[in-house]
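Participant: Structure of the sequence below:
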Amino acid sequence: DGYIVTNNHVVDGAVQIKVTLNDRRILKAKLIGVDKLTDLAVLKVDATNLPSIAWGDSTKLQPGQTVLAFGSPFGYFQFSVTRGIVSALNRPNPYSDDPRKPGNFIQTDAAINPGNSGGALVNAHGELIGINTFIITNNGSFAGAGFAIPSQIVRATAEQLIQHGKVEHGRSEEHTSELQSLRH
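Facilitator: Below is the predicted model of the structure:
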């Protein structure tokens with residue numbers, strides 16, 4: 001239907017968004033909504049006969065499974081794909097500046113570099129099991145530790161963004177109590 005899921009940090013601050021399709025068509029995209037907590041965004045392009053990818057179930061992943069990471073490393077190498085394995089599951093967010101930010105990241109050794117953000121992480125069946133989002137590195141490039149947002153979080157977030165343009169996040173009782181005590 002023309003909906004595209006990517007990372008919020010890929011489109012953050014953009015005045016105009018263009019999408020290059022695998023057939024080299026360049027289309028203007030409209031920002032449907034963003035969710036800063038999950039670092040996800042949904043775009044929409046007006047076109048027909050668009051390729052799509054089936055949703056995979058990230059809850060069924062196991063360490064050692066083969067995965068492919070798609071993206072445009074360094075912004076120059078469009079339509080790149082790398083292969084690796086699922087290194088670990090349910091990794092916490094090491095950069096969490098907000099305790100409400102979800103973790104549960106898929107860790108992979110498939111080469112993910114700057115420019116791969118927002119790209120698909122797929123299983124051996126070609127199903128979307130994650131959105132590539134960040135790396136841990138000492139030098140800014142691939143060091144064998146890439147991280148993707150699991151498809152279960154991506155799908156739920158994307159559906160809310162498409163339906164409502166925003167995502168409602170629940171607050172834990174503990175967090176709510178802290179806020180109330182700060183107000184008193």
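Participant: so where do the strands sit in the chain?
Facilitator: Counting by DSSP state E, the chain forms strands over residues 3-7, 17-20, 26-35, 40-45, 66-71, 80-91, 105-108, 120-123, 128-135, 146-150, given from the N-terminal end onward.
Participant: Next one: the nearest residue to residue 127 once chain neighbours are set aside from residue 12, what distance?
Facilitator: For residue 127, ignoring the flanking residues on the chain, the nearest one in space by C-beta to C-beta, 6 or more residues apart in numbering is residue 56 at 3.0 Å. C-beta: built from backbone N, CA, C; applies to glycine. Computed with C-beta to C-beta, to the nearest Å, the distance linking residue 56 and residue 12 is 27 Å.
Participant: In terms of neighbours, single out the busier of these two.
Facilitator: Neighbour count, other C-beta atoms under 10 Å: between residue 56 and residue 12, residue 56 has more, with 24 against 11.
Participant: quick one: contacts for that one?
Facilitator: Applying C-beta atoms under 8 Å, 6 or more residues apart in numbering, one finds that residue 56 lies in contact with 122-123, 125, 127-129, 151.
Participant: and with 6 Å instead?
Facilitator: With contacts defined as C-beta atoms under 6 Å, 6 or more residues apart in numbering, the neighbours of residue 56 are 123, 127-129, 151.
Participant: same check, this time on residue 70
Facilitator: Residues in contact with residue 70, defined by C-beta under 6 Å, 6+ apart, are 81, 119-120.
Participant: would a markdown table of these with pLDDT, neighbour count and distance to residue 104 be doable?
Facilitator: Converted to a markdown table, these look like this (pLDDT from 0 to 100; neighbours: other C-beta atoms under 10 Å; distance: C-beta to C-beta, whole Å):
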| residue | pLDDT | neighbour count | distance to residue 104 |
| --- | --- | --- | --- |
| 81 | 93 | 13 | 24 |
| 119 | 94 | 26 | 19 |
| 120 | 96 | 25 | 18 |
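Participant: gap between residue 64 and residue 108?
Facilitator: Applying C-beta to C-beta, one obtains 11 Å for the distance of residue 64 from residue 108.
Participant: Any chance of the strands of the chain in JSON lines with distance to residue 168 as columns?
Facilitator: As requested, those are arranged in JSON lines below (distance: least, C-beta to C-beta, whole Å):
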{"stretch": "strand 3-7", "distance to residue 168": "18"}
{"stretch": "strand 17-20", "distance to residue 168": "24"}
{"stretch": "strand 26-35", "distance to residue 168": "10"}
{"stretch": "strand 40-45", "distance to residue 168": "14"}
{"stretch": "strand 66-71", "distance to residue 168": "30"}
{"stretch": "strand 80-91", "distance to residue 168": "23"}
{"stretch": "strand 105-108", "distance to residue 168": "22"}
{"stretch": "strand 120-123", "distance to residue 168": "26"}
{"stretch": "strand 128-135", "distance to residue 168": "20"}
{"stretch": "strand 146-150", "distance to residue 168": "18"}
